[in-house]
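Engineer: Here is the input, now give the coordinates:
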Amino acid sequence: NSSPFSEEDGQVLMTLAAQAAVAIENARLITALQKAYEQLNRVDQLKSDFIAIASHELRTPLGLILGYAAMLKEDLKNPDTAQQLDVVMTSALRLRDLIDDMVNVQHIEEGKAKLVLTEFALQEVVQRVLQAVSELYTTKEQEVLVSLPSQPLSLTADREKITLVLNNLLTNAIKFTDARGRIMVTAE
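Structural biologist: Numbering: from 1, shown residues only. Model (predicted):
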């Protein structure tokens, strides 16, 4: 047996080969991870750009809708038509809130979120949201039972964010409750 390598040399070479294989695999994984991270950054930037463009583009027609609905409401004497315009106004204002929320999501992700804290009665917000979603539950012939205390439930919070939360809760309740079902709204 005239091999220039001893058995011990063979073991060392095997160990070095195994370590080299691990190092090559680690390098491959790091490269793949860097590519994935770069792609994630591009997707995140696209999402931020979409939010900025969509919120900007939606504001113009929404402003026109709100302006004309307000003018028509002032000119009308018919209470039914005024009530229908109230629904248009409420829906347009809700759309404006959604646009603002899109911008707020962007600010939250950038660490720039701002809460506007005010003191208000929770009952007022609940009633406002119930009115905004009334067509949804009326269309499904759902019964909405409301139990609010007579004394004001004073809350110091961001009114618009609380409105958004309640609107999402009620919209989901309406969506996932069968037609002619019952929804209970309680605050305490």
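
Engineer: now for the helix or strand where residue 58 lies, which elements pack on it?
Structural biologist: Taking DSSP states H and E as the criterion, residue 58 maps to helix 7-75. Helix 7-75 is packed against helix 79-109, with contacts defined by 3 or more CB pairs under 8 Å, 6 or more residues apart in numbering; DSSP states H and E. (Glycine included, C-beta is placed from N, CA and C.)

Engineer: Just the residues contacting stretch 155-164, thanks.
Structural biologist: Here stretch 155-164 makes contact (CB atoms under 8 Å, 6 or more residues apart in numbering) with 97, 100-101, 115-122, 125, 128-129.

Engineer: could you dump that stretch to CSV, C-alpha only?
Structural biologist: Output in CSV follows, covering the C-alpha atoms of stretch 155-164 (Å, rounded to 0.1, in the frame of the first residue of the first chain):
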residue,chain,number,x,y,z
LEU,A,155,-64.2,57.4,26.8
THR,A,156,-60.8,59.1,26.1
ALA,A,157,-59.6,57.6,22.8
ASP,A,158,-59.1,58.2,19.1
ARG,A,159,-62.8,58.6,18.1
GLU,A,160,-62.2,57.7,14.4
LYS,A,161,-60.2,54.6,15.2
ILE,A,162,-62.9,53.4,17.7
THR,A,163,-65.5,54.2,15.0
LEU,A,164,-63.5,52.0,12.6
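
Engineer: and stretch 119-132, C-alpha only, in CSV?
Structural biologist: Presented in CSV, the C-alpha positions along stretch 119-132 are these (Å, rounded to 0.1, in the frame of the first residue of the first chain):
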residue,chain,number,x,y,z
GLU,A,119,-63.2,62.5,25.3
PHE,A,120,-66.6,61.4,23.9
ALA,A,121,-69.6,59.2,24.8
LEU,A,122,-69.3,55.7,23.4
GLN,A,123,-73.1,55.6,22.9
GLU,A,124,-72.8,58.4,20.2
VAL,A,125,-70.3,56.4,18.2
VAL,A,126,-72.3,53.2,18.5
GLN,A,127,-75.4,55.0,17.2
ARG,A,128,-73.5,56.6,14.4
VAL,A,129,-72.1,53.3,13.3
LEU,A,130,-75.5,51.6,13.6
GLN,A,131,-77.0,54.3,11.3
ALA,A,132,-74.1,53.9,8.8
